[in-house]
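>>> Compute the structure for the input listed below.
(one chain, ligands or ions: 1)
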Amino acid sequence: MKAIHIRSHGGLDALRFDDVQTPKPGPGEALVRIRAAGANHFDHDIREGVSGIKHQMPHVLGIEGVGEVAELGPGVTDHKVGDRVIIYAVKFCGRCHVCLSGLEGTCMDRSLMGVQIWGCFGEYARCNANQLMPLPANVSYETAAASVICYGTAWHMAVWHGKVQAGQTVLVNAAGSGVGMSAIQIAKLHGAHVIASAGSEAKLAKARELGADEIINYRTHKISTECLRLTGGRGVDLVIEHVGGDVLIQSIEAAAFNGTVVTCGAHAGEIVPINVIELFRKHVRLQGSHYASRIEVGRVFELVSAGALKPVIHGVYPMKDYSKVAALVANRDFFGKMVLVP
Ligand SMILES: [Zn+2]
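Take a look at the predicted model:
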């Protein structure tokens, strides 16, 4: 099959689009014909080899994909060839105490598609059959591929960890990213007042269109100062943060008494000095978050199907042009999600 893969870590020139062995589904596994795949910043980290994860080469990239069941391995009876499916991005054990508590996204023995195992940037992807989730008939493959990771991740951050409530004020950083775009919509759906931060006026204008009540251009204004000003000095109840560096520090400064800062990323700086006194005096909770459970991804797709969540798709590109998409990801020169089609 044709697939976007790497044979060694490196820059954009490490990307290859040619033949690799088509995977064969083993017992309990499925082979999915990929119809659309979502591009994520994590794909970029895996290509560059900066994530600290060891890879066997060649390695097929792509965390996020949807398609139809092409082949089922022995013992799989609850799906059939031709079913339209979402691939739940985490291969999980289903037996550890984390899985049994319903949080299979953080399984003790997890592998993420396109990270520890081959991913979705190919004509086919192999996964465990229990990763297959039904794709609602009225949701297109492109819309679905723009929804699996970003809405799931933002839902887990805002709803599971953040317990977002009507009337609360929520700061969403990097409003132009997939997670940012999703978090604005999810927070508004729960009746929150949303402050969005981003680094360009064009991105902030789009954040407003998605429902953000207030906007902060972090290139011209300090996020924490603006949040305190906009809340009469009280601060924000919840921060959806995935930037890191100084933005994480400002997020803690922006948090209200009893506020929560949830983070799922740190591309702007992974090692951050934190004022611990501020953290405990304000009763601030700093919470890490990783992807979502299957129940949450299922709920997100109910809302996408009902039109209550609408992903912003920056563009749909042929898979062979992934290097152009990867360049846009590297430069953060996009709003929402970019989708690849084989
Ligand atoms: Zn597990």
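>>> For residue 295, I want the exact helix or strand it lies within.
If you go by DSSP states H and E, residue 295 is part of helix 294-305.
>>> what comes up buried for the helix or strand that that helix is followed by?
Going down the chain from helix 294-305, the next helix or strand is strand 313-318, by DSSP H and E. Of all the residues in strand 313-318, those buried under the rule 16 or more other Cβ atoms under 10 Å are 313, 314, 317. No exception for glycine: its C-beta is placed from N, CA and C like everyone else's.
>>> Give me the helices and strands touching the next helix or strand after strand 313-318, please.
Using DSSP H and E, the helix or strand that follows strand 313-318 in sequence is helix 322-331. Other helices and strands packing on helix 322-331, by 3 or more Cβ pairs under 8 Å, 6 or more residues apart in numbering; DSSP states H and E, are strand 15-19, helix 41-48, strand 313-318, strand 337-341.
>>> Go again with 7 Å.
Counting contacts by 3 or more Cβ pairs under 7 Å, 6 or more residues apart in numbering; DSSP states H and E, helix 322-331 is packed against strand 15-19, helix 41-48, strand 337-341.
>>> now, which of the buried residues of strand 313-318 sits nearest residue 15?
Using Cβ to Cβ, residue 317 is the member of these that lies nearest residue 15, at 13.2 Å.
>>> Report the residue spans of the stretch 101-250 of the chain with pLDDT below the cut-off.
Within the stretch 101-250 of the chain, no stretch has pLDDT under 70.
>>> Residue numbers of it in contact with the ion?
Residues of the stretch 101-250 of the chain that fall close to the ion, judged by Cβ under 5 Å from the ion: residue 107.
>>> where along the stretch 101-250 of the chain do the helices fall?
Using DSSP state H, counting those that start in this stretch, the helices of the stretch 101-250 of the chain run over 141-145, 148-155, 178-189, 201-209, 223-230, 245-254.
>>> Could you tell me the end-to-end distance of stretch 269-288?
End-to-end distance of stretch 269-288: 15 Å, with Cα to Cα, to the nearest Å as the criterion.
>>> Can you measure across stretch 171-186, start residue to end residue?
End to end - Cα to Cα - stretch 171-186 spans 12 Å.
>>> now stretch 272-287
Per Cα to Cα, stretch 272-287 runs 14 Å from first to last residue.
>>> Would you mind pulling the contact partners of it?
The contact list for stretch 272-287 (Cβ atoms under 7 Å, 6 or more residues apart in numbering) reads 161, 244-245, 248-249, 252, 255, 257-262.
>>> okay if I get those residues as CSV plus neighbour count?
Below are those laid out as CSV (neighbours: other Cβ atoms under 10 Å):
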residue, neighbour count
161, 20
244, 19
245, 14
248, 25
249, 18
252, 22
255, 27
257, 11
258, 11
259, 25
260, 24
261, 24
262, 24
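>>> and of these, the nearest to the ion?
Using Cβ to the ion, the shortest approach to the ion within the contacts of stretch 272-287 belongs to residue 161, at 19.3 Å.
>>> Verify the stated contact: that closest one with residue 262.
Yes - assessed by Cβ atoms under 7 Å, residue 161 is found in contact with residue 262 at 4.8 Å.
>>> any shared contact partners between the two?
With Cβ under 7 Å, 6+ apart as the test, residue 161 and residue 262 both reach 287, 289.
>>> picking that back up, same question for the helix holding residue 295, mean pLDDT?
Mean pLDDT, helix 294-305: 97.
>>> Quick check: the residue of the stretch 201-342 of the chain nearest the ion.
residue 293 (11.5 Å).
>>> For that residue, grab the count of nearby residues.
22 (other Cβ atoms under 10 Å).
>>> can you pull the contacts of it?
So residue 293 contacts 102, 103, 104, 105 (Cβ under 7 Å, 6+ apart).
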